[in-house]
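Visitor: sequence-free structure coming up:
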């Protein structure tokens, strides 16, 4: 029995129409567990925002019950141990469930466990220590965990070579080290070996560790230089992007292959391998035959996963990293220290492979760079996904129209005012790439904004104007960056002013061939040619009988009322038959997985 099955049995033993659970350790946010509960006809709804909760509860559950209809069982989850803050009409008839790490892993220090990725609990459960027995100290727990998850032990380090091997081993594993474990490992190792390295940073940042190894390699004076070469190889450092080509290392290709061969794939699996997948896509744009073959498999696997499990992403938290683009403002608010100045720059339509390509022209080595990825909203239209970014809300909660971006400035202000930020410190500017860099920077200086939201449309404009495929878009983006220097100068100017820059996108795009257009659909926007919107399920059924034209999107619960999308199939678009376009709106990997990049001085 797995830890998920143990929790599921506990829930099923209390099965009723409405259940309440105290879940302070976030166990119910595990994606595999959410899938299992959905299959058992149980929906998990987190009680965090009272207005959001009441909207969903009244419309999707109580209103349905009042009509005599049946819904899935509802499990209302709270992140607090004390449930006194929850509505009385929810708690009055329900004896609450209490789900904690101490119940599952009685022998571990839960403070260490709480910071781990939930997926690591599988290995810890298999290793034992989850039954009765004496509780380990924090150090004992840390040592046991790193042995199980990374097959390392900092107490066995006796030289700089041992230490380098340990750090490399950590980054070879599937799990990023938590700050708590990195701090503990660095403290232990520093007592074992006297080195001048920033151990915490090297343990937490594979990029910084690879750069250090490259510097060691360039010296060619160490007797263990062959080991450095081997370590760089195993970390995939031999993969590199050039102006006119992509060189893929075997580890990068293997990482993508491992993703495709997993028995259970969840959203975080796609996000953690996003940069490897993006590099393989990029290689396919340069006609790498093996990359093209692997990307075909990625497309098929991702398409299947999205239709089955994408809707569960709405249940996931914005921390410790954003999983969907509407999480970005909340993640910024948590990461930001008081009085720090931040800019959120949305590069409309910039795909993750395009970011991986253009970053070589941006001279980012002098800054601190932290790269992640997140999922765009479906349908992957600007009016849906970009509004989600600036509002920090799911589309169902938009105050403005889901077919327009006119409400973005107000939504951006409202989000930060709700976080108790002063209105005069909050700025928003649309189409900033139509301004000269100095004009934008002067505008920022003039107002001394602390929180700026901005939109640049060049990537989207180049994609929609393209007639020659993705490779030409890359060349156009390179030309724009190198000739105008707009983006490099914006980044440099913001860094010089002490700003933290978060660069992201609302969607990517994919090449497609026209198949015609269903009747009576409402195109989400003039450029999003891979989605059609119908105002009811009945009209959608009439316009797309037996899914003749495309896919009836099943996950409509997070969308505004009266929005029932039909999505184009892979590499098809709702335009004139046999015409070639580069567009977005549907559920291709290139459309849905977007960069979230933090650049700091």
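Guide: The structure has been received and is ready for your questions. On a predicted model such as this, the values are computed, not experimentally measured, just so you know.
Visitor: contacts and neighbour counts: CA atoms only from here.
Guide: Fine.
Visitor: Flag the shaky bits of the stretch 501-601 of the chain, pLDDT-wise.
Guide: 521-527 (pLDDT under 70).
Visitor: which residues of it fall in helices?
Guide: Shown for the stretch 501-601 of the chain, the helices assigned by DSSP state H, counting those that start in this stretch span residues 537-543, 589-592.
Visitor: Please identify the most buried of those.
Guide: helix 589-592 (a mean of 27; mean count of other C-alpha atoms under 10 Å).
Visitor: Give the other helices and strands that it contacts.
Guide: When contacts are defined as 3 or more C-alpha pairs under 8 Å, 6 or more residues apart in numbering; DSSP states H and E, helix 589-592 packs onto helix 289-309.
Visitor: packing partners for the helix it packs on?
Guide: helix 250-260, helix 274-285, helix 589-592.
Visitor: looking at those, which is buried most?
Guide: helix 589-592 (a mean of 27).
Visitor: And that one, how far out from the chain middle?
Guide: 12 Å (C-alpha atoms, centre = their mean, to the nearest Å).
Visitor: how about the strands in the stretch 151-300 of the chain?
Guide: In the stretch 151-300 of the chain, the segments counted as strands under DSSP state E, counting those that start in this stretch are 240-241, 246-247.
Visitor: Compare the ones you listed and give me the one nearest residue 457.
Guide: The minimum distance between residue 457 and the strands of the stretch 151-300 of the chain falls on strand 240-241, with 24.2 Å, by C-alpha to C-alpha.
Visitor: Mind checking the pLDDT average for that closest one?
Guide: Average pLDDT, strand 240-241: 92.
Visitor: Would you tell me which of the helices and strands packed on helix 289-309 gets closest to residue 423?
Guide: helix 589-592 (32.1 Å).
Visitor: What lies in contact with the closest one?
Guide: In this structure, residues lying in contact with helix 589-592 by C-alpha atoms under 8 Å, 6 or more residues apart in numbering are 299, 302-303, 351-353, 375-378, 380, 507-510, 584-585.
Visitor: and these, which are buried?
Guide: Among the contacts of helix 589-592, those classed as buried by 16 or more other C-alpha atoms under 10 Å are 302-303, 351-353, 375-378, 380, 507-510, 584-585.
Visitor: What's opposite the closest residue in space to residue 426 that isn't next to it in sequence in the beta bridge?
Guide: Spatial nearest neighbour of residue 426, excluding adjacent residues (C-alpha to C-alpha, 6 or more residues apart in numbering): residue 451 at 4.9 Å. On the basis of DSSP bridges, residue 451 is bridged to residue 342, residue 426.
Visitor: Based on its surroundings, how many neighbours for residue 451?
Guide: Neighbourhood size, residue 451 [other C-alpha atoms under 10 Å]: 25.
Visitor: And residue 88, by the same measure?
Guide: Residue 88, neighbours per other C-alpha under 10 Å, totals 10.
Visitor: residues touching it, list them.
Guide: Per C-alpha under 8 Å, 6+ apart, neighbours of residue 88: none.
Visitor: Tell me the pLDDT of residue 223.
Guide: Note on residue 223: pLDDT of 56.
Visitor: same thing with the one 3 residues further on?
Guide: We have a pLDDT of 78 for residue 226.
Visitor: How much space separates it from residue 232?
Guide: 10 Å (C-alpha to C-alpha, to the nearest Å).
Visitor: So for those two, which sits in the more crowded spot?
Guide: residue 232 (19 against 11).
Visitor: That one reaches residue 212, doesn't it?
Guide: No: between residue 232 and residue 212 there is no contact, the gap being 10.2 Å when judged by C-alpha atoms under 8 Å.
Visitor: how many neighbours does residue 95 have?
Guide: Neighbours of residue 95 (other C-alpha under 10 Å): 11.
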